[in-house]
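[1] this is a predicted model, with the sequence first.
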Amino acid sequence: MSRSLYAHNYVVWASCMVEVPEVGAFLLGAPKCGTTWLTEVLTQHPEICVSNPKEPNIVASHKGTFGRDDSEPDWVEYADCFNGDGLRIDCSVHAMACPVAPLRVANNWPNARLIICLREPVSRTVSHWNMILDTKEDCENGADWSEFRSAWDDSRLSDDTLYGAAVARWLEHFERDSILLIEANRMRHDASMVLEEVCNHLSISSHSFDLDSVHNANTAADRRPMTVFGRLFRFTASLLPGFIKGPIVRRLLTRGVNVYKMPVLSSKAPAKREITEGQRNLLAKEVNADLALLEESMGFDCSKWHIQ
């Protein structure tokens with residue numbers, strides 16, 4: 001056997017011997033559904049170990065809005081995303097719409113608890129669209145979302161809004177009672193009750209959360225187009241291991257500090273873009289049918305979200 005073939009076979013054998021880290025729950029949803037806030041609050045609970053960074057994007061093939069990679073996860077890298085004791089929660093929200101994630105999670109963690117954050121679909125879509133345009137992420141990934149119609153026709157936006165189809169894929173592998181659906185608006189107006197429901201769903205003790213200390217760093221005011229220095233800073237930060245970057249990020253978020261607001265790293269974001277009534281109606285047939293699917297499969301009341 002040649003050395004190169006031997007080395008290849010050894011790598012394959014070694015990868016098969018890597019132990020998949022234990023994970024107890026997954027926080028899913030879509031961008032702009034309040035998952036950043038919920039993640040920051042849950043870090044206060046002594047019985048929870050939240051993924052670090054918040055979104056490892058390792059288990060799912062969806063690596064953010066645009067990134068896609070169907071290759072097998074790097075379990076060693078994934079294990080490094082959890083530093084501490086307690087129930088491990090992966091907060092990679094893009095896993096919800098990922099077609100690969102449900103089976104992969106079921107195969108490795110069949111008893112996992114799932115928390116899915118949802119928001120009124122039209123406002124979520126518009127907010128996500130604005131975020132991408134403000135950060136120019138579409139251009140960086142060879143797309144053009146400057147027109148809403150072209151953005152909606154791109155499944156990388158619409159799939160995150162079609163909750164019913166996404167949840168149906170998870171229900172193929174998990175029982176309905178293993179999934180907790182949370183409406184984003186409730187986190188704003190009934191946070192204590194939502195957190196009590198989360199604790200009950202995860203079978204952990206109740207906790208007195210300090211909600212005043214949590215700042216949502218993923219708001220519209222924080223979306224600013226990055227300068228060349230900002231992109232370089234983001235790239236450099238992405239190279240830092242999670243155990244170094246995580247504590248720094250959490251401390252900054254707790255203090256309400258967003259370094260990307262510094263003028264040298266970003267410029268002022270443009271005014272929020274709205275969609276027309278005609279563009280809203282464009283979504284009606286597809287979104288309403290999807291909401292009906294969610295209502296049927298989960299018993300979740302979507303009546304106020306239907307597009308009239």
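    Structure's in. What do you need?
[2] and for the closest residue to residue 241 other than its chain neighbours, the neighbour number?
    Nearest residue to residue 241, sequence neighbours excluded (Cβ to Cβ, 6 or more residues apart in numbering): residue 80, at 6.8 Å. Every C-beta, even on glycine, is put in place using the N, C-alpha and C of the backbone. Residues near residue 80, counting by other Cβ atoms under 10 Å, number 16.
[3] ok, residue 107 next?
    Residue 107 sits with 10 neighbouring residues when counted by other Cβ under 10 Å.
[4] now swap in the one 10 residues further on and tell me
    The number of residues packed near residue 117 is 26, by other Cβ under 10 Å.
[5] OK, contacts around it?
    Counting by Cβ atoms under 8 Å, 6 or more residues apart in numbering, residue 117 touches 27, 28, 29, 30, 33, 34, 35, 38, 93, 182, 184, 187.
[6] residue contacts, the fourth one?
    Residue 30 makes contact with 93, 94, 96, 97, 117, 118, 119, 124, 128, 160, 161, 163 under the criterion Cβ under 8 Å, 6+ apart.
[7] swap in 10 Å and give it another go.
    65, 93-94, 96-97, 116-119, 121, 124-125, 128, 157, 159-163, 166, 184 (Cβ atoms under 10 Å, 6 or more residues apart in numbering).
[8] in strands only, show me those.
    In strands, judged by DSSP state E, the following of these are found: 116, 117, 118.
[9] let me know the closest of these to residue 191.
    Taking Cβ to Cβ as the measure, residue 117 is the one of the ones in strands among the contacts of residue 30 closest to residue 191, at 12.7 Å.
[10] just list whatever residues bridge to the closest one.
    Following DSSP bridges, residue 117 is listed with bridge partners residue 182.
[11] and it, how far from residue 40?
    For residue 117, the distance to residue 40 (Cβ to Cβ, to the nearest Å) stands at 13 Å.
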